[in-house]
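Novice: have a look at this prediction, sequence included:
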Amino acid sequence: MSNLPKVSVEQLLDAGIHFGHTISRWNPKMAPYIYGVRDNIHIIDLQQTVPLMNMALKKIYETVKNNGKVLFVGSKVQATELIAEYAEKCGQFYVNNRWLGGMLTNWGTISKSIKKLDHLERILNDDASDKYTKKELLDFTRKREKLLKSLAGIRKIGGKPDLIVIIDTNREHLAINEAVKLGVPVVAVVDSNSNPDGVNFPIPGNDDAIRSIKLYCNAFAEAALAGIQDGLTESGVDAGVAKEVVKEDKTMDGVKKLAKPGKVSKATTESKAPAKKAATKEKAPAKKASETKTKVTPKKAATKKTEEKKEAK
């Protein structure tokens, strides 16, 4: 519990979390969390936000510590990259594109789509992709990209999560409804125009500014990492030693590189081949000439002997 991050009022003020929406856009259900009005804008009471956010961080910490799965949800433009970054940082799951209807309540269909995605990636990454035409491969890549946008963050979740963390309740109302049906607890950031119904751990604050969303995501990720670390220490595993072992495995100390053989280009081999043929052709007639000189027919030998006898007489 000592590693659990804590948030102060100063940090929330610096991130602009106290700014709500205009008076005309407010939700009356958020009245208990509003401090006042300034320049026709609601100001959120940070004295309530701090303890509520610490309670939400404690819930994330306990869930991850007990080997639970946390699903981060945020599909608005300001939150897509941050949700994916911090969810991957703490080893949890995320949905940063449009929430598909039935992503929790109709998990059988979603799991089939994940299997289809895995099948398409095997086809595109395998050497056997030569069997398909260019048009078919292009169609496969388009389908894979479309599935990745919605399912990349939940491919390995394997079922219902133990906790859902939501940035904008108005935009992700389908996720809240499905979580309520399945009894999954919800941690959510609620702005002055949000509906806090169905949220078990509300965090009153600005859900539109990038700085505010970054502070939320960073605190959520640190709470999850603290839960992982404390869970490992309680199970008898030293997290620091585990990290050192992983780093040592990745180094290449003591490994000797093999000497690479020199590359032989086609041009050199082709130039050597005709040269060898020419040399053999030149040597061949020389051998024939020597053989003709040494060979003497029997008729010539007889004529030579008769001539020698005549000269002797």
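Specialist: Noted; the coordinates are in hand. Numbers count the residues shown, from 1 in each chain.
Novice: any idea how far the residue lying closest to T63 once chain neighbours are set aside is from K146?
Specialist: What sits nearest to T63 in space, not counting adjacent residues and going by CB to CB, 6 or more residues apart in numbering, is L163, at 4.6 Å. All C-beta atoms are positioned from the backbone trio N, CA, C, and that covers glycine. For L163, the distance to K146 (CB to CB, to the nearest Å) stands at 28 Å.
Novice: and the helices in the stretch 151-300 of the chain?
Specialist: Under the criterion DSSP state H, counting those that start in this stretch, the stretch 151-300 of the chain contains helices at 173-182, 210-234, 239-250, 266-294, 298-312.
Novice: and these, which one averages the lowest pLDDT?
Specialist: In terms of mean pLDDT, the lowest-scoring of the helices of the stretch 151-300 of the chain is helix 239-250 (a mean of 44).
Novice: give me the buried positions along stretch 79-97.
Specialist: 79-80, 82-84, 86-87, 90, 92-97 (16 or more other CB atoms under 10 Å).
Novice: from the residues you listed, which is closest to N106?
Specialist: Checking the buried residues of stretch 79-97 against N106 by CB to CB gives V95 as the nearest, at 14.6 Å.
Novice: my understanding was that the closest one contacts M103; is that so?
Specialist: Yes - counting by CB atoms under 8 Å, M103 is a contact partner of V95 at 7.1 Å.
Novice: shared neighbours, these two?
Specialist: Residues touching both V95 and M103 by CB atoms under 8 Å, 6 or more residues apart in numbering: I154, A175.
Novice: between L163 and K146, tell me which one has more neighbours.
Specialist: L163 (24 against 12; other CB atoms under 10 Å).
Novice: which residues does that one contact?
Specialist: So L163 contacts K59, I60, T63, G68, K69, V70, L71, V184, P185, V186, V187 (CB under 8 Å, 6+ apart).
Novice: which PyMOL command selects the buried ones in the residues you listed?
Specialist: In PyMOL, the members of these classed as buried (16+ other CB under 10 Å) are selected with the following command:
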select buried, resi 59+60+63+68+69+70+71+184+185+186+187
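Novice: okay, and which of the contacts of L163 map to strands?
Specialist: V70, L71, V186, V187 (DSSP state E).
Novice: tell me which of the buried residues of stretch 79-97 fall in strands.
Specialist: F93, Y94, V95.
Novice: with pLDDT added, can I get the residues you listed in JSON lines?
Specialist: Listed next are those as JSON lines, based on pLDDT from 0 to 100:
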{"residue": "F93", "pLDDT": "96"}
{"residue": "Y94", "pLDDT": "95"}
{"residue": "V95", "pLDDT": "95"}
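Novice: out of these, which comes closest to R155?
Specialist: R155 has its nearest neighbour among those in F93, at 8.7 Å by CB to CB.
Novice: separation between the closest one and V77?
Specialist: Distance, F93 to V77, using CB to CB: 21 Å.
Novice: just P5 next, same as before
Specialist: Note on P5: its distance to V77, by CB to CB, is 26 Å.
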